[in-house]
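J.: Based on what follows, work out the 3D shape:
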Amino acid sequence: MRVYTGLLFFLFLGCFPLNAAGEERSLSLRAFLSEVSRNNPELLSAHSQAQAASARVAQAWSPGKTRLDIERMYSPGFGSMGRAGEKNVSLTQELRWPSSLWLEGSRASLLADVADAAAQAKARGVLSRARAAYADYFYAYGGFESLRSSIEIMRRLARETEARYAAGRTGQTEALKAQVELSKTLNAQLLMESELSQARSLMNALRDQPSGTELGRPQEPAEPPELGDYESMEKAVLDSLPELRAARSSLRAEDKSLALARSQWLPDMMLQVRQRTAPMDGGNTWDGVVGFGLPLWFWSPAAAVREARANREAAQADLRGLQAFSRYELRRAYDRFSSARKAAQLCGTGLVPQAEQYSKLVEASYLGGRASFSDFLDAERTLLDARLQHLQAVADRERALAELERMLGRDL
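T.: Presented below is the predicted three-dimensional model:
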């Protein structure tokens, strides 16, 4: 049993990356977020989609293709087109009604703003996920090391109880209980190692690296300052959140779509200029044609108006719903951050130091024969729980902070 636990301990010890000097390299939150900003495929894709939407604006303002027609008339045969009696060359341009063309361009500009806001929302969302992933990695890494430290103490405890049992100073129950506690802690470390692997894999995916790439020791995130008043924060979110900006631009684009649907009642135009070479009619002439597309099939524009009106009502409802949900998300993140920040402070300055001091005192008393085995075991459990609670509080604080920064669009 002792050989087995020792092998497991050194196996877990070897899973952390070391640099050439034998010291484990560290990873800061700032460096990780910077790498995600440079390499994340979702961010690159969102940026390209925004550029594509911006390029569609000029297309919407432009008329369609100009058509060139070349005619040969009164030719004596197919092979004698060059001797045709009449030769015509014409240019034809179809045009939207000017107000319709302006509405089309305005709608394209608004849709480009929607795409730009979506790209900003994607960027904020990816960076928020990255910060949350770093928090998960920090918790799992710290939890793994805390369990490793606890395992070392449990191993000393197991050796001590075995020595006492061999000397007849304690019963077999205590020796077996020490081994059981050691096995339970090793099992907890196995589960924590799985969480660590998952967090590492997600972080590597966010920075576009192979899932097994080592990251190093995460630095503890700096404690953030106090938040401002909630009302000012809510106003800032409702004014600047990219999702809301996109929803407002979408609503304005639907207004343009409704106006465009109504403009289908207006005629489109066709302009044509033609040069005729007709020796039989006395030589060269220039002709001009102006045509209009008449909306004779009236039910089609009427249906387009109904469709556009329904889409506009849906966009209005979407905007109201998004505003309400954004308020809820902000309140939830604000409350979670406030409580987790206080918990992290209490654990870091009170609970963990007190538990460490208590554990050392009880361990010394147990080795000196002044404390029971149960006292020692209870002290070690208390210390491990305190360390894990502190790590969890810091991770919860960072996850809530990531959500707040996503909504506010700035570092806190």
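J.: What segments of the stretch 251-400 of the chain are helices?
T.: 299-346, 352-367, 373-408 (DSSP state H, counting those that start in this stretch).
J.: Go through those helices and pick out the most buried.
T.: helix 373-408 (a mean of 20; mean count of other Cβ atoms under 10 Å). In short, each C-beta sits where N, CA and C put it, glycine included.
J.: dump the residue contacts of Ala333.
T.: Taking Cβ atoms under 8 Å, 6 or more residues apart in numbering, we find Ala333 in contact with 400, 403-404, 407.
J.: picking up where we left off before, rebuild the helices of the stretch 251-400 of the chain as TSV, extending it with mean pLDDT and distance to Thr285.
T.: Listed next are the helices of the stretch 251-400 of the chain as TSV, based on pLDDT from 0 to 100; distance: least, Cβ to Cβ, whole Å:
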stretch	mean pLDDT	distance to Thr285
helix 299-346	89	38
helix 352-367	85	98
helix 373-408	88	69
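J.: and Leu110, which of those helices is closest to it?
T.: Leu110 sits nearest to helix 299-346 of all these, at 11.2 Å, using Cβ to Cβ.
J.: returning to that earlier point: tell me the one of the contacts of Ala333 nearest Ala188?
T.: Ala400 (25.8 Å).
J.: Pipe the helices of the stretch 251-400 of the chain into CSV and attach distance to Val114 per row.
T.: Listed next are those as CSV, based on distance: least, Cβ to Cβ, whole Å:
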stretch, distance to Val114
helix 299-346, 11
helix 352-367, 48
helix 373-408, 19
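J.: For Val57, which of these is the nearest?
T.: For the helices of the stretch 251-400 of the chain, distance to Val57 was read as Cβ to Cβ. The smallest value, 20.0 Å, belongs to helix 299-346.
J.: now that closest one against helix 373-408, angle please.
T.: Helix 299-346 runs at 140 degrees relative to helix 373-408, counting by axes from the mean of the first three to the mean of the last three Cα atoms, to 10 degrees.
J.: residues in contact with Leu147?
T.: Taking Cβ under 8 Å, 6+ apart as the definition, contacts of Leu147 comprise 185, 188-189, 192, 384.
J.: mind running it again at 6 Å?
T.: Going by Cβ atoms under 6 Å, 6 or more residues apart in numbering, Leu147 touches 188-189, 192.
J.: Quick check: closest non-adjacent residue to it.
T.: Gln189 (4.2 Å; Cβ to Cβ, 6 or more residues apart in numbering).
J.: pLDDT of whatever helix or strand the one you found lives in, averaged?
T.: Assigned by DSSP states H and E, Gln189 falls within helix 172-206. Predicted confidence along helix 172-206 averages 84 (mean pLDDT).
J.: buried stuff in it?
T.: 174-175, 177-179, 181-183, 185-186, 188-189, 192-193, 195-196, 199-204, 206 (16 or more other Cβ atoms under 10 Å).
J.: For that helix, name the packing helices and strands.
T.: helix 98-166 (3 or more Cβ pairs under 6 Å, 6 or more residues apart in numbering; DSSP states H and E).
J.: if we look at the helix or strand following the helix holding Gln189, which residues are touching it?
T.: Counting by DSSP H and E, the element after helix 172-206 in chain order, helix or strand, is strand 217-218. Strand 217-218 has contacts (Cβ under 6 Å, 6+ apart) with 24, 26-27, 137-138, 141.
J.: No further questions, thank you.
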